[in-house]
Every structure is written in structure tokens, then in C-alpha cells.
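Engineer: Attaching a predicted model along with its sequence, questions to come.
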Amino acid sequence: MKWRNLTSQNSVLTTLLHPIRLPSPSPSSYTPIFQFLTGLNLLKLGQQIHAHFILRGLHPNSFLGAKMVAMYASSGDIDSAIVLFNRIRQNASTLLYNSIIRACSLYGLSERCVGVFFEMDSAGFRGDYFTFPFVLKSCVDLCDVWLGKCVHGKGFRSGLVFDFYVGTSLIDYYVKCGELWDARKVFDEMPVRDVSSWNALIAGNMKHGMVRVAGDLFSQMSNKNIVSWTAMISGYAQNGLANQAFELFDEMTNHLSNVKPNWVTIMSILPACAQSSDLDRGRKIHDYATSIGLDSNTLVQTALAAMYAKCGSLSDSQICFQKIPSNQRTLVSWNTMISAWASHGYGIESVSTFNDMIQAGVHPDAITFTGLLSGCSHSGLVDTGLNYFNSMKTQYNIEPTHEHYACVVDLLGRVGRLKEAYELALTMPMPPGASIWGALLSASKTHRNLEIAEISAKKLFVLEPENSGNYVILSNMYAEAGMWREVNNLRELLKTLGVKKNPGCSWIEIDGKMHIFHGGDTSHPMSGKIYAFLESLPERMKVLGYVAETTFALHDVSDEEREQSLGSHSEKLAVAFGILRSSSGAVIRVTKNLRICGDCHTVMKFVSRIYEREIVVRDVNRFHHFKDGSCCSSPGCHMKVLGQKKRLGAPALKKLSTSPIRERSKKVTGSSLFPTEGNDSNPLDVFVSFWDVSRTEVFSNALFLN
């Protein structure tokens, strides 16, 4: 019952309290009062009524006890609810058991909930359609398939499995525990299915990657509701099928559709935009959300901030975050912005946002520190990152996870503190996984530590036997050291294992159409113009001092052939196409499935200067913003080949060494095993070098690979 105002509530309460003012009130006089107070969060008043009841020397029966338990549980006092239940459980009833089972389930006391259920069954009380949904929910929380099947059996013997409430709960239980066959069996045997039964099965199949099955169920539904549509859209997005998610969302927003998106639907479609880096689509969905009044929703604004950050528009992400009122910014909102700054290379801003969050009284969690440590790594804030890592447990009572240790290992390794990084990997409280050894391997390549590289690579060969990048890195290091026998052994090992390198792939959207390029691709209709553009580019860049970094090409071919293989990397093809097809001054946004190689990173800076374009490249690890000949993600990262015409002063050098500069300039003279693009053989953006008239100054900074 909904109360329009406080006056009406008080009027009803006054009427209900009248019988207990009599000299000898009966226990039944209190029943409607406790029932009325349930859900109103008036705990103090409920306690006063309870005290009045005790002072009259009365004792609750099971019916009244059930109402009192429900009142306490709904008012946030689960402890009093349990104490009250224990006092009257000797005279229990199905209603009393249901009341405490519901309370325990809602408060996450799953073991107690299931225990009370079996006690109820042993006492001879059969569960009803109020009992089983809450017990099954607790079984899901416990992830106990055997226990759930026991409960299923109890329901079957009670004849309740064909009730659509219980049946839907069983479907939900089985799909969440991964038992899709059992879920489908219950669904098929249900004589009456409501829309929630269909939705539960659709969501479960989507969760476990059974996209086609979910699609078939959705097409068979005669009465789809908002949950049905949203489950499908969310499922497509979660399974990496962005186009299908977009098609369904477009159908839903069509004027012929009788079901329109709500805020949950908007939040479900936005990750699809992030996956495909479809910024234009994201903006259209934002406009749609605004048109139906959903842009004021805090969760929607947070999801929009995350989408814009992952699509490369950090400015739009900031705007969405700033639109959230300060007192409504949740932990998720803060984490989103901290991670956004970090992924774009702005570690100082990430730290600043963290400090703002603490000042706002929001307590961080493990996700917060993952983003924070990532930001510190991006910007070379080593001491800051280590201080935050050490404060996790001591100051914030958060136990560091494997992810956090990986951040710190990477942070130390990338600034040359390999011994510390390796010792941390060996002494951490859990076995180091692929991310730990991968960070060590990359750092070993950067700092030419073959000993730790071999240890790390051999660990990765076991943990990630099909990851070709690990073999490539070690092969390159062997080649640099002239250890050709080891290079050939790795080549034979790769052939034996049948390991193949993931092909480089980049894509760019122009005028609402996605264009995909692979390394050496000639299938695009504009291939002739694209390659002509790229062939003319080196001469223009060499005037400014460009030298191709042929260390990212084959070791057994000539330098000229190496340069040619570098020139056809997929990200270069995509950027060339973007410049040829887009209007002057438009931002070029490219997404790549692997890491951008060092030569491509250098070329992008030259191109951004020559053609006066801003280029945003999103690779598998982070964003790179190129503008005016520098990597704008890293303040101070200038085009190294232009050098300096005079000796750098000490203050300038000090400033550069402490700023988050990440310009790759270290030249390696070895070779690589494959003519690959974007493989993990290039420790990208690790060094900054400035040439002056007398010598080369090299400053090391860190880059976290998320």
C-alpha cells in the first residue's frame, strides 16, 4: 500500500494502536501493527511496540512472530529477527519459517537460510512457493549445485516445480550455476511459462556464450518485455557481438516498437560502442538518452563516461563525469574516471582524481588501486605508485591481489629495477601468473637482461603456450646477442607446437562505415592510393630526421626489405586511409588488436606534424594521442629526431626526467624472428632521448601495460 503523505500514515497508525491501549490487550491486537510497520523502516517505533508487548506479559505465537521477524528484517535489524525466531521456533509454522528464510536470503546469510530450510523440512513443514525461490537464491550464492538439486527434489516431491514462480527460480538457479541442460529441462516441463521464465533462460544462455540458443528463444517469444530486449542487447555486447547489439537496439528504438529502452538498456548498449571504438554511435546513443530524459541518471552518466574514455574521447568522458552531482558520485563513478585518466596516459590526473575521491569520503576498493597503479605506471610515478601499493593494506584494509602485484612488478621493471621486480614476483603471496612474467619479460627486453628474460619466457611458455609474442621477444633477444642456435631452436619449437602469430588488424570509421585493414592488405578499394601515400611519406619524414626502426622486421632480410615490411603495418594503412578520406583538421581515430610497434609510434608523430592532424590510436594496452609531432598522452614527449641545437641545461634535464615522458628512442641492432607488427617484441615508449650538440641524454620512464 502506498501512502501519499505522513498524515495518512499517522492516521492509520493511530487507529491500529487504539486496541493495545486497553487494560488487557490480546496478542492478536499487535499483529496488524507489526504488519503495518514492515517495510517502513521505523525500527525505533517497532522496538517500542515490542517492549509494550513484553511489559504486558504477552508471548508471541508463530503467526505474530512471523510478522515481528519480518518487521525487524525489513528495518535493517537482522540480528533481532534471528533472536526472536530462535525464541519461538519450538512453536514454529510454515509462515514463521518463510519469514526467517526470506530475511536470511535477502541479507546474504545463505548458509543459515539453507540450514533453516532443511530444519523446516525435518520438522515436518513443507515449503511452499514463498519458500523455494529464496532458498534457491541462497544456493546460487553458495555455488553449490548438489545442494540446489536437493532443494529441487524437495520441491518436486511437494508438487511445486510446475509453479511458474518456483520454476523460474529453478531456471535462474541452474543457469547461474552453469547447468544449462537442467535449466532447459525445467523450462520445457513447465506447463505455464511467464515472460520471466523466458528471460531467465535467455540471460543464462547469453552469460555462458550460447548466443544462438538465446537468439532462437528470443525469436520464439510472443510477449517480449523490456527485460527480454535488454537481456539480448547486453548478451550480444558481453559476447563481443557489437553489430548484433546495435541492430537490436535500432529495432527497439524504431517507431514501430512497443517496447522502448530504459536506463538499463542504455547501460547495456554502451559497452558495445566501447568494444568497436564506435564513437559516432556512442554519441548518437547519448543524444537518444538525453532526448528521453535519461542523461540525468547517475549510472547512465557513469556508463557514458566509461564509453567515451574507451572510444578515445577523454574530454567527453570528463564532461559526463562532471555532470554527476558531487554528492551522487559513487565508487563506480570515481573508479571509471581514475581508470580513464590512466588508460590515456595521464597518471598525475589519475592520482589527483583519487585524492578528490578520498576527500569526498568515498572509500576505495581493489579496482580503484588497479586504475591508480596503472596511472602511476603510465606516467613514471614510481615512488608514488609504490607508496599507494604499500598503503593498500595498512591504510585502506585492502588485500593486494595478483593484479596489483602485476602493476608493481611492471612499474619496477620498466624503470630498470629488474632485481626488485623479480624478487617481488618470487615472494608474493600467490603464484605469479602470466601478467607477472609478461611484465618481467617485457622489462628484460627493454633493459637487455637475458637471464631474467629466459626465466620469464620459459614460465610463459607453460602458462601461455599459444601466445606467439613471448617466443618473439626471446627470439629477438637471442638474435641481438648473436645466439643464432637458440633462435633456430625457438623457430623449431614454434613449428613443432604449431604456434601462429596473431595477425595485426586495425580499423577506422569514416562516415558511419567501418574499414578494416590487415598487415600488407591490398584488398581495400583504395589500396593503390593508400600505398602511394605511404611510399611518399618516408622522404618527407626523413627531411625531419626519421630513421625506420627496422628492429621490428625480419632478421634475415636486407634493411630495405625491412623498411618495406614496416611500411605496410595495419595501423599505418588505416591512418593513411583516414587522412585521404576525412576532411582537413578532422581527428583520425584508429583501433588496433595488438600493440602498436615502435616504428609506427614514431611515424604517427611525424604524420601528425606534417599533416597537422590529431591521431588517436587505441591498441590492446592503451591510447596514444599524437598531435604536433608528439605523443600528447605523455606531456613533454617530443619528436626525438628533431633533437636540440644546443646543450640542454640541468634544470631542463631534471624536469624532463621527472615528467611522464615516454618517447621510445633506444636503438636495438638485433633482429626479430618474424616480419610482424604489434608483437610484444617491442617495449614501446620506454625511453626518452634528447640529442644535443655534445651527447645523447637518456631518461627512463615507466609504462604500464594494462
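Structural biologist: That came in fine, so what should we check first?
Engineer: Would you tell me which helix is longest in this protein?
Structural biologist: Looking across the chain with DSSP state H, the single longest helix is helix 527-543.
Engineer: helices and strands around it, which ones?
Structural biologist: helix 559-567, helix 570-581, helix 598-610 (3 or more C-beta pairs under 8 Å, 6 or more residues apart in numbering; DSSP states H and E). All C-beta atoms are positioned from the backbone trio N, CA, C, and that covers glycine.
Engineer: Ok, which of those comes nearest residue 114?
Structural biologist: helix 570-581 (54.0 Å; C-beta to C-beta).
Engineer: right, and the helix or strand after the closest one?
Structural biologist: The first helix or strand that comes after helix 570-581 along the chain, using DSSP states H and E, is strand 588-592.
Engineer: so when I look at residue 356, I'm seeing a strand, right?
Structural biologist: No: counting by DSSP: H, G, I helix; E, B strand; the rest coil, residue 356 is not found in a strand; it is helix.
Engineer: OK, contacts around the nearest residue to it once chain neighbours are set aside?
Structural biologist: Excluding the flanking residues, the one nearest residue 356 by C-beta to C-beta, 6 or more residues apart in numbering is residue 334, at 7.9 Å. Shown in contact with residue 334 (C-beta atoms under 8 Å, 6 or more residues apart in numbering): 353, 354, 356, 357, 360, 362, 368.
Engineer: Turn these into a markdown table, columns for pLDDT and distance to residue 392.
Structural biologist: Below are the contacts of residue 334 laid out as a markdown table (pLDDT from 0 to 100; distance: C-beta to C-beta, whole Å):
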| residue | pLDDT | distance to residue 392 |
| --- | --- | --- |
| 353 | 97 | 17 |
| 354 | 97 | 12 |
| 356 | 96 | 19 |
| 357 | 97 | 15 |
| 360 | 95 | 19 |
| 362 | 96 | 16 |
| 368 | 97 | 10 |
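Engineer: any chance of those in JSON lines, plus neighbour count and distance to residue 413?
Structural biologist: Below are these laid out as JSON lines (neighbours: other C-beta atoms under 10 Å; distance: C-beta to C-beta, whole Å):
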{"residue": "353", "neighbour count": "25", "distance to residue 413": "26"}
{"residue": "354", "neighbour count": "24", "distance to residue 413": "23"}
{"residue": "356", "neighbour count": "15", "distance to residue 413": "30"}
{"residue": "357", "neighbour count": "21", "distance to residue 413": "28"}
{"residue": "360", "neighbour count": "11", "distance to residue 413": "34"}
{"residue": "362", "neighbour count": "17", "distance to residue 413": "31"}
{"residue": "368", "neighbour count": "24", "distance to residue 413": "23"}
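Engineer: Can you tell me which of the residues you listed comes closest to residue 385?
Structural biologist: Among the contacts of residue 334, and counting by C-beta to C-beta, the member closest to residue 385 is residue 354, at 11.6 Å.
Engineer: In this structure that closest one contacts residue 370, no?
Structural biologist: No: the pair residue 354 / residue 370 is not scored as a contact, 11.7 Å apart, by C-beta atoms under 8 Å.
Engineer: which residues are in contact with both of the two?
Structural biologist: Counting by C-beta under 8 Å, 6+ apart, nothing touches both residue 354 and residue 370.
Engineer: Show me the shaky parts of the stretch 451-600 of the chain.
Structural biologist: 548-567 (pLDDT under 70).
Engineer: 80 - rerun?
Structural biologist: Applying pLDDT under 80 to the stretch 451-600 of the chain flags the ranges 500-502, 546-568, 597-598.
Engineer: Show me how the record splits the protein into domains.
Structural biologist: The record's domain parsing of the chain by the TED database lists 223-324, 506-631.
Engineer: could I get those as a markdown table with distance to residue 132 and mean neighbour count?
Structural biologist: Listed next are those as a markdown table, based on distance: least, C-beta to C-beta, whole Å; neighbours: other C-beta atoms under 10 Å:
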| stretch | distance to residue 132 | mean neighbour count |
| --- | --- | --- |
| domain 223-324 | 21 | 20 |
| domain 506-631 | 46 | 19 |
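Engineer: Nearest to residue 405 among these would be which one?
Structural biologist: Comparing the domains of the chain by C-beta to C-beta, domain 506-631 comes nearest, at 18.1 Å.
Engineer: Tell me which residues touch the residue nearest to residue 508 when sequence neighbours are not counted, please.
Structural biologist: Nearest non-adjacent residue to residue 508, counting by C-beta to C-beta, 6+ apart: residue 574, 4.5 Å away. With contact taken as C-beta under 8 Å, 6+ apart, residue 574 is in contact with 506, 507, 508, 515, 517, 590, 592.
Engineer: Phi and psi next, for the second one.
Structural biologist: What it means is residue 507. phi -140, psi 150 (degrees, to the nearest 10).
Engineer: quick one: it from residue 426, how far?
Structural biologist: Separation of residue 507 from residue 426 (C-beta to C-beta, to the nearest Å): 41 Å.
Engineer: before we move on, what about the third one?
Structural biologist: Going from residue 508 to residue 426 by C-beta to C-beta gives 44 Å.
Engineer: Which among the helices and strands packed on helix 527-543 is found nearest to residue 247?
Structural biologist: helix 570-581 (24.5 Å).
Engineer: between the closest one and helix 527-543, how big is the angle?
Structural biologist: 100 degrees (axes from the mean of the first three to the mean of the last three C-alpha atoms, to 10 degrees).
Engineer: would you put the C-alpha positions of helix 570-581 in PDB?
Structural biologist: What follows is helix 570-581, C-alpha atoms only, in PDB (Å, rounded to 0.1, in the frame of the first residue of the first chain):
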ATOM      1  CA  SER A 570      47.800  -2.200 -40.500                       C
ATOM      2  CA  GLU A 571      47.800   1.000 -38.300                       C
ATOM      3  CA  LYS A 572      49.700   2.900 -41.000                       C
ATOM      4  CA  LEU A 573      47.200   1.700 -43.700                       C
ATOM      5  CA  ALA A 574      44.300   2.800 -41.500                       C
ATOM      6  CA  VAL A 575      45.800   6.200 -40.700                       C
ATOM      7  CA  ALA A 576      46.700   6.800 -44.400                       C
ATOM      8  CA  PHE A 577      43.200   6.000 -45.400                       C
ATOM      9  CA  GLY A 578      41.800   8.300 -42.700                       C
ATOM     10  CA  ILE A 579      43.900  11.200 -43.900                       C
ATOM     11  CA  LEU A 580      42.900  10.600 -47.500                       C
ATOM     12  CA  ARG A 581      39.200  10.300 -46.800                       C
END
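Engineer: mind checking how far it is from the chain centre?
Structural biologist: Taking C-alpha atoms, centre = their mean, to the nearest Å, one finds helix 570-581 lying 29 Å from the centre of the chain it belongs to.
Engineer: quick one, it and strand 588-592 angle?
Structural biologist: 160 degrees.
Engineer: Okay, angle between helix 570-581 and helix 598-610 too, please.
Structural biologist: Interaxial angle, helix 570-581 versus helix 598-610 (the same axes, to 10 degrees): 20 degrees.
Engineer: re earlier: just name the closest of the contacts of residue 334 to residue 103, please.
Structural biologist: residue 362 (29.4 Å).
Engineer: Can you give the contact residues for stretch 94-109?
Structural biologist: Applying C-beta under 8 Å, 6+ apart, the set of residues contacting stretch 94-109 is 62-63, 65-67, 69-70, 72-73, 78, 81-82, 85, 88-89, 110, 112-113, 116-117, 120, 125-128, 130-131, 134-135, 137-138, 141.
Engineer: what about 6 Å?
Structural biologist: 62, 65-66, 69-70, 73, 78, 81, 85, 112-113, 116-117, 120, 125, 130-131, 134, 137-138 (C-beta atoms under 6 Å, 6 or more residues apart in numbering).
Engineer: May I have it as CSV, with CA atoms only?
Structural biologist: Provided in CSV are the C-alpha atoms of stretch 94-109 (Å, rounded to 0.1, in the frame of the first residue of the first chain):
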residue,chain,number,x,y,z
THR,A,94,5.5,-22.6,7.7
LEU,A,95,4.8,-18.8,7.9
LEU,A,96,7.4,-18.3,10.6
TYR,A,97,10.0,-20.4,8.7
ASN,A,98,9.3,-18.5,5.5
SER,A,99,9.7,-15.2,7.3
ILE,A,100,13.2,-16.0,8.6
ILE,A,101,14.3,-17.8,5.3
ARG,A,102,13.3,-14.7,3.4
ALA,A,103,15.2,-12.4,5.8
CYS,A,104,18.4,-14.6,5.7
SER,A,105,18.3,-14.8,2.0
LEU,A,106,18.0,-11.0,1.5
TYR,A,107,20.8,-10.3,4.0
GLY,A,108,23.2,-12.8,2.2
LEU,A,109,23.1,-15.3,5.1
